[in-house]
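**Student:** structure, please.
(chains A and B)
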Amino acid sequence: MHAQLVSFIQVLRANEVRVSPAETLDAVDVAATLGYADRVLLRDALAMTLAKTPEEEAVFLRCFDRFFSQELADFASAQEIATTRDPTAPPPAGNGDPAAPRYSPAEILQAAAADLPALQALLESPLLRGLMDNDRNALSLAMRQAGEQVGLRGIEMFTQKGQFTRRILDALGEGHLRAAIVDLEQAGSTALPALQRYRDLLREQVRDYVEREYLLHAEGRNRQFMDDILSRTRLNNIEQVYLHKVQELIRRMARKLASRHSRRRRRLRRGQLDMARTLRRGIAHDAILFHTYWRQVRREKPQILAVCDVSGSVAAYAKFLLLFLYSLQDVLPRVRSFAFSSHLGEVSQYFEDYPVAQAIEEVNWKFGGATDYGNSLQDFAKLALDDINSNTTVIILGDARNNHGEPRLDIMQGIYRRARQVIWLNPESRRSWGTGDSEMLRYQSACHFSAECNNLKQLERIVDQLLKSTR
Amino acid sequence: MAGPAQENQVQPQDYPQLASITEIETGFESHGYIASRKIATAVFLAFQLRKPVLVEGPPGVGKTELAKTTAALLDAPLIRLQCYEGLDEAKALYEWKYGKQLLYTQVLKEKLGDLLHGAKGLAESVARLHQFGDIFYSEDFLEPRPLLKAMQQEKGAILLIDEVDKSDYEFESLLLEILSDYQISIPEIGTIKARTSPMVFLTSNNTREISDALKRRCLHLYIPFPSVELEERIVRSRVPDVDARLRHQLVEFVHSMRQLDLKKLPAISETIDWARSLLLLHAEHLEEELVRSTLNVLLKFEDDIEAAEAELRRLLHSSATAASGSN
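**Tutor:** Next up is the predicted model:
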């Protein structure tokens, strides 16, 4: 039973519930303490040990039900069908006993086996014995063992289902069954339909079994695969249908980044002992150091100003970048967001007031249009330049294509001088920077750091770096 | 993991109150805490496996109460550590008694002459000094704070680390050693092991993510808002004088209120408060006027009260039909 528990934990891991080896041991302890008798109790108790968030608990419950409620395969229907079919199919003259009106399929096969030694051997085999007696336990167990043997747990793609089904059938010894059917066919035996029926049933059950295992093991793995692919795809190439998935990815990413960084900003309030001061104050008490003095570590909290281009030329990216800004503002304190195309405005309030989809729509509607970087920078300076100080990080997201307008590099340089860090993320590839109406090379001179950023992996890496340096 | 039982450890048979899950349920009920099966299971496992329980859930569903009730049930001391931003080891673990240490050095200075009387040369003086134990840093000068205090209890204790999400990230790492091994390492002294491992409850309101390392060491118990039936039992045990019909109606009303978009949903504690106020006002059934005037017991924000008032008639109607439907 422990082996079962361990393989269940593997299923959980495939479904993104992180379970450490220590927790596996805990789970075994829990199961040993409570026993396996009360299923609901065991489920709740394991959920407490293995799932760490309400979301994980939901996944856990789903997996638990799927994993432990696998019914035993049922081979009973063979009996009825074969017996009812028997009298309707007029037995052609030949071997066997033509006069017998109602025999069970087992008996028919027994009779036929008298002439065929191969069939006789087959009937003795545990496989067919189990089929004929509808021994569900034995057959399910054999099926599971066969699955284990051929590595069904490693199933990854739905295209592998047929392959695994075949392998399991082979491992169960279905080959002999097939051979016997061929023999019966050649002999023109009446027992043929009964045996065929058994074969079909067996195949059906194995197929179902493979399907269930596929759902259990492969689904989670496929989802991880998919997330991985999505995070490497250029943002403007991601199909509309995957948008909601990306949204979820971004939110997860933002949360991860925030939890990795936000807390470390605060240092212990009590720093090192200030020896000089302590000694000085001790003089009054006959050099006894009654009062201790501590060097305080004081740190200003960093502030992030994020500016996002939402004009037509970067529309496809803007949606993601805004989404990212939204998530970032959600999880980090002191983030102010701005959006611009021909003019610029602060959008922090939209992000706070509306749910994400609506906020992005509002922002696009309000600020979308033709790009004018010069004008927008001027607006930005008016709105936020006074707030920019040595604790401020400014992130600009845009392609720097200014329609040949005045770039107002002087404002950028002003920002550059005041801010702790200016970061420019450009969705275009580095090679096209400075071509056509792109002012990127000029703006680059007024940035501490500029990078190409057009998929989620890059975005994550850059923001991670950024947060490290703002700490 | 339930390691080999150590000397002086509390054995499961020492506490018949925790012998089985049903036992716990009835024990809690006799102390006025109606526990769902899940909660009872968590307490049972926490005791059997000696693991801390991390209790999460919306405010007011009885997270802190769970620890208090367990302490009452076991008749064990409850040691509570309220977490807040900036909480550090000096306030949570231990502190040196600086004043006493200084006095000790004074005394030492005076006695030094006597001690070293007749010693020849520096080497001998130092050797003689070494014969005396270093008690400057010893348990005598240790001021125990809640966590250390919980370790020192002879017969075990219930340790409640309340609102652990309010503490700093660094503080969590401090807890790890205590939670997994029930011991505290003090650099100057060494490791202090718990005389009897305490039962630990941590509560969290989820204002931030608790680190994985901490979560991994705990049983994870999520207490949601209770079902109508469970909440009625809770109200009955806390406010027994409320008429059954009114009780049913008011619980239904609170439940339908939890469907609204509110800043802070009314929790069990609010339901109990409301039931008490209705009792004081001699209410027999829910009337619109009465509900409107007592709404501030249930809701804590002006915005919420306004939102609920707008929906009041509908809520009353739906809870009335739900109440009569199930009666």
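**Student:** show the contacting residues for the residue lying farthest from the centre of chain B.
**Tutor:** Distance from the C-alpha centroid of chain B, by CA atoms, centre = their mean, peaks at B:K120 (59.3 Å). Going by CB atoms under 8 Å, 6 or more residues apart in numbering or on different chains, B:K120 touches no other residue. Quick note: C-beta positions are derived from backbone N, CA and C, even for glycine.
**Student:** now it. Its backbone dihedrals?
**Tutor:** When read as degrees, to the nearest 10, the backbone of B:K120 gives phi -100, psi 120.
**Student:** and A:K382, by the same measure?
**Tutor:** Dihedral angles for A:K382 - degrees, to the nearest 10 - are phi -60, psi -40.
**Student:** how about the strands in the stretch 1-150 of chain B?
**Tutor:** For the stretch 1-150 of chain B, strands defined by DSSP state E, counting those that start in this stretch occupy the ranges B:53-56, B:78-82, B:94-96, B:142-144.
**Student:** who in the stretch 51-200 of chain A is up against chain B?
**Tutor:** Neighbours of chain B within the stretch 51-200 of chain A, by CB under 8 Å from any CB of the partner chain: A:A51, A:K52, A:P54, A:E57.
**Student:** contacting residues around the first one?
**Tutor:** The one in question is A:A51. Contact partners of A:A51, counting by CB under 8 Å, 6+ apart, are A:V17, A:E57, A:V59, A:F60, B:H220.
**Student:** change it to 6 Å
**Tutor:** A:A51 makes contact with A:E57, A:F60, according to CB atoms under 6 Å, 6 or more residues apart in numbering or on different chains.
**Student:** same check on the last one?
**Tutor:** Neighbouring residues of A:E57 by CB under 6 Å, 6+ apart: A:A47, A:A51.
**Student:** remind me which helix or strand it belongs to.
**Tutor:** A:E57 is part of helix A:54-68, with elements assigned from DSSP states H and E.
**Student:** check which residues of stretch B:35-42 are buried.
**Tutor:** For stretch B:35-42, the neighbour count (16 or more other CB atoms under 10 Å in any protein chain shown) marks B:A35, B:S36, B:K38, B:I39, B:A40, B:T41, B:A42 as buried.
**Student:** how far away is the second one from chain A?
**Tutor:** Spelled out, it's B:S36. Applying CB to the nearest CB, to the nearest Å, the value for B:S36 to chain A is 10 Å.
**Student:** one more: the last one?
**Tutor:** For B:A42, the distance to chain A (CB to the nearest CB) stands at 6 Å.
**Student:** correct me, but that residue touches B:H220?
**Tutor:** No - applying CB atoms under 6 Å as the test, B:A42 and B:H220 come out as separate, 8.6 Å apart.
**Student:** what's the overlap in contacts for the two?
**Tutor:** Listed as contacting both B:A42 and B:H220 by CB under 6 Å, 6+ apart are A:M48.
**Student:** the closest residue to B:D273 other than its chain neighbours is in what secondary structure piece?
**Tutor:** Spatial nearest neighbour of B:D273, excluding adjacent residues (CB to CB, 6 or more residues apart in numbering or on different chains): B:V297 at 5.2 Å. Taking DSSP H and E as the criterion, B:V297 maps to helix B:288-298.
**Student:** show me the contacts for B:A76.
**Tutor:** B:G156, B:A157, B:I158.
**Student:** next, the second one: phi, psi?
**Tutor:** Backbone torsions of B:A157, given as degrees, to the nearest 10, read phi -150, psi 170.
**Student:** from B:E163, how far off is it?
**Tutor:** Look at B:A157 and B:E163: by CB to CB, to the nearest Å, they are 19 Å apart.
**Student:** check A:G414 too.
**Tutor:** According to CB to CB, A:G414 stands 45 Å off from B:E163.
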